[in-house]
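Trainee: Could you work out the structure for the sequence below:
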Amino acid sequence: GAVGEAIAAHDGRLGDPLEALRRVGSRELAAIAGAILAARYQRIPVLLDGFVSCAAAAVLWKLEPSALDHCLAAHASDAAHARLLGVIGKKPLLETALSLEDGTGAALALGIVKSALAVHAGTVTRDRL
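Mentor: Predicted coordinates:
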């Protein structure tokens with residue numbers, strides 16, 4: 001298939017994640033990876049939604065696994081997406097059959113994240129007693 005042909009065409013030159021992104025990625029993947037990295041530097045949490053955003057995140061993970069510490073996976077749309085999330089060490093907040101790549105999974109997961117933050121902020125701990 002197309003993936004096998006791309007790998008064969010760039011044989012031996014895909015070991016570096018950024019070089020692989022340059023050779024077989026797209027501008028969209030590069031832009032998403034850049035946005036995820038910029039969010040990391042600005043301490044902005046990221047909800048990864050869909051296979052494409054997770055593939056872009058995988059480039060950063062391959063460079064440095066802690067580069068995704070500010071990311072949560074919104075959902076897993078199918079088996080391939082779930083496998084990719086497993087590789088980058090992310091568990092999806094939702095198990096869905098959404099594969100629209102339009103942010104629907106992140107929109108649904110955002111409610112869960114907001115609720116968890118509200119519960120956490122309202123929880124009395126020993127430190128606050």
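Trainee: can you list contacts of stretch 55-71?
Mentor: 17-18, 20-21, 25, 28-30, 32-33, 36-37, 39-40, 43-48, 84, 87-90 (CB atoms under 8 Å, 6 or more residues apart in numbering). Where you see a C-beta, it was placed from the backbone N, CA and C, and this is true even at glycine.
Trainee: Now it: buried residues?
Mentor: Buried residues in stretch 55-71, counted by 16 or more other CB atoms under 10 Å: 55, 56, 57, 58, 59, 60, 61, 62, 67, 68, 71.
Trainee: ok, now stretch 47-57?
Mentor: Within stretch 47-57, the residues that count as buried by 16+ other CB under 10 Å are 47, 48, 49, 50, 51, 53, 54, 55, 56, 57.
Trainee: Give me the subset of these lying in strands.
Mentor: In this view, these that belong to strands under DSSP state E are 47, 48.
Trainee: Could you single out the nearest of the buried residues of stretch 47-57 to residue 115?
Mentor: residue 47 (13.9 Å; CB to CB).
Trainee: could you list every residue that touches that closest one?
Mentor: 71, 72, 73, 74, 106, 109, 110, 113.
Trainee: any idea how far residue 122 lies from residue 115?
Mentor: Separation of residue 122 from residue 115 (CB to CB, to the nearest Å): 11 Å.
Trainee: More neighbours: which of those two?
Mentor: Between residue 122 and residue 115, counted using other CB atoms under 10 Å, residue 115 has the larger neighbour count: 10 against 7.
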